[in-house]
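Trainee: What would the 3D arrangement of this be:
(chains A and B)
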Protein chains: 2
Amino acid sequence: MLFFTQCFGAVLDLIHLRFQHYKAKRVFSAAGQLVCVVNPTHSLKYAPTRCAAAQASTEQGMLPPCHHHEAVHDPQLVPCTCPLFSCPWEGHLEVVVSHLRQTHRINILQGAEIVFLATDMHLPAPTDWIIMHSCLGHQFLLVLRKQEKYEGHPQFFATMMLIGTPSQADNFTYRLELNRNQRRLKWEATPRSILECVDSVISDGDCLVLNTSLAQLFSDNGSLAIGIAITTSKVHSSEAEM
Amino acid sequence: MLFFTQCFGAVLDLIHLRFQHYKAKRVFSAAGQLVCVVNPTHSLKYAPTRCAAAQASTEQGMLPPCHHHEAVHDPQLVPCTCPLFSCPWEGHLEVVVSHLRQTHRINILQGAEIVFLATDMHLPAPTDWIIMHSCLGHQFLLVLRKQEKYEGHPQFFATMMLIGTPSQADNFTYRLELNRNQRRLKWEATPRSILECVDSVISDGDCLVLNTSLAQLFSDNGSLAIGIAITTSKVHSSEAEM
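Mentor: Numbering: from 1, shown residues only, chains lettered A, B, ... in the order given. You can find the predicted model right below:
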């Protein structure tokens, strides 16, 4: 009996997912973009010490130490950068992608322009929606986080990190775009390297920030669609610095 | 002696203003846009009852009553819409512009694309920066407000209102753009009519919202430059609704 109940639950989940995917495809069909339905990653535990240590060492020109060791002596080694997971893994930059895919089941999508459809936006903070994005010969990590920076006032933070070094990251520009009900919000910036901690990017507020009310205005039935585009950063070179 | 001190102060203010204007012009000279230096309007007193009443009556399909009277019986009469001023004036839509210019000394600028340079962003909340913008045969009111929606956490809210009716407002799209340090943030929406209260637009969060940290990232020496563009809303008609 339990088996049948579970099967029925799984079928319902599949139908729900299929419906969301269909709806997202319908929305973005005009643009011909790939739509990825991203379910939330529930927080098991924050690991602030890892990130604080990583940030301190990055500021000093060192690579971040793992939270299980005093310091990483091999400059090619990075701790697991998947946010919200207190993962003890550390490894070379080249194998971060396969670790994130295999251990944390994070999907990877191909294409310069994709749509990230985050479901269940109503879930309490902290919650993350994470996906990897492969384009222009590199892999990027998109993190959407719901977090209470000020107690009782959850906000949404979205940023893109390059799975590469900071100097490689400087060659790209990413764009996040929300578009609904005759309102449009666009954020463009240079991605950060995963050697910098996503927590520090969010605490600095150097990312797309949405209040709950604004997130609701852009959401449809509890899902938030974010258009993502990555280009080489030559776009910015002609801009005057202020 | 006091006279000379005051004169010296005034000269220093003029030099400071000229420097800011020159700096802003340098930044936006490539685009050939008109730059307007906007000094903050200090709050004398909030008049929440006026706006609450206005919102309630607008929701009921009525025009907003003035806070000095029970209701406005002439549908052409609107209360003074200049935010943060507890102004008892009320008048016809056609004379709102001259009232704002003459009584509240709000500047009016011509052109489809202008740059709004708000100075002294560090001033404590509540503070407003206000300007009128004339283009496409209509007048618009741009309001940038620093406000503590959550105590101890000031935020910046920017919105554009049409000095006209809601049905006239539906014909336009306004764009606010921040651009600095290889970061760009764009907000596009349909302007609201001044018959709707600016306070309710801000409390709904249906506008460009900046945390203090994000505002600092886009500011230069305490000034925030916002590029403004107004178009007819045909741009949106081809967009798929989500």
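Trainee: Against chain B, how distant is A:Ser200?
Mentor: Applying C-beta to the nearest C-beta, to the nearest Å, the value for A:Ser200 to chain B is 12 Å. (C-beta placed from N, C-alpha, C; glycine too.)
Trainee: Helix or strand next in line after the helix or strand encompassing that residue, which one?
Mentor: Counting by DSSP states H and E, the element that carries A:Ser200 is helix A:198-204. Of the helices and strands lying after helix A:198-204 in sequence (DSSP H and E), the nearest is strand A:208-211.
Trainee: What pairs with that next one, parallel or antiparallel?
Mentor: strand A:153-162 (antiparallel) (DSSP bridges).
Trainee: buried ones in the helix or strand following the partner strand?
Mentor: Counting by DSSP H and E, the next helix or strand C-terminal to strand A:153-162 is helix A:166-169. For helix A:166-169, a neighbour-count test (16 or more other C-beta atoms under 10 Å in any protein chain shown) marks A:Ala169 as buried.
Trainee: same thing with stretch A:114-132?
Mentor: Using 16+ other C-beta under 10 Å as the test for burial, stretch A:114-132 gives A:114-119, A:121, A:125-132.
Trainee: Which secondary structure element of chain A has the lowest mean pLDDT?
Mentor: Least confident helix or strand, chain A: helix A:48-59 with a mean of 43, by mean pLDDT, DSSP states H and E.
Trainee: can you give me the angle the strand ranked longest in chain A makes with strand B:153-162?
Mentor: Identified as the longest strand of chain A according to DSSP state E is strand A:138-150. Angle, strand A:138-150 to strand B:153-162, by axes from the mean of the first three to the mean of the last three C-alpha atoms, to 10 degrees: 100 degrees.
Trainee: Strand A:138-150 pairs with which strands?
Mentor: strand A:127-135 (antiparallel), strand A:153-162 (antiparallel).
Trainee: other SSEs contacting whichever strand or helix holds A:Val96?
Mentor: Assessed by DSSP H and E, A:Val96 sits inside helix A:96-104. The elements that helix A:96-104 packs onto, with contact taken as 3 or more C-beta pairs under 8 Å, 6 or more residues apart in numbering or on different chains; DSSP states H and E, are strand A:127-135.
Trainee: Show residues contacting the strand it packs on.
Mentor: A:36, A:38-43, A:82-84, A:97, A:100-101, A:104, A:106-112, A:114, A:116, A:118-120, A:139-146, A:160, A:163, A:228, A:230 (C-beta atoms under 8 Å, 6 or more residues apart in numbering or on different chains).
Trainee: When you filter the residues you listed down to buried only, what's left?
Mentor: By 16+ other C-beta under 10 Å, these give A:36, A:38, A:40-41, A:43, A:82-84, A:97, A:100, A:104, A:106, A:108-109, A:114, A:116, A:118-119, A:139-146, A:160, A:163, A:228, A:230 as buried.
Trainee: Am I right that A:Leu217 is in a helix?
Mentor: Yes: A:Leu217 forms part of a helix when assessed by DSSP: H, G, I helix; E, B strand; the rest coil.
Trainee: separation between it and chain B?
Mentor: 6 Å.
Trainee: and stretch A:143-156, how far apart are its ends?
Mentor: In terms of C-alpha to C-alpha, to the nearest Å, the two terminal residues of stretch A:143-156 are separated by 10 Å.
Trainee: nope, stretch A:180-197 is what I was after
Mentor: Terminal-residue distance, stretch A:180-197 (C-alpha to C-alpha): 31 Å.
Trainee: Can it be said to contact chain B?
Mentor: Yes: among the residues of stretch A:180-197, A:Arg180, A:Asn181, A:Gln182, A:Arg183, A:Arg184, A:Leu185, A:Lys186, A:Trp187, A:Glu188, A:Ala189, A:Thr190 lie within reach of chain B under C-beta under 8 Å from any C-beta of the partner chain.
Trainee: hmm, back to that, redo the strands paired with strand A:138-150 as CSV? Include mean pLDDT.
Mentor: CSV is the format used below for the strands paired with strand A:138-150 (pLDDT from 0 to 100):
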stretch, mean pLDDT
strand A:127-135, 91
strand A:153-162, 93
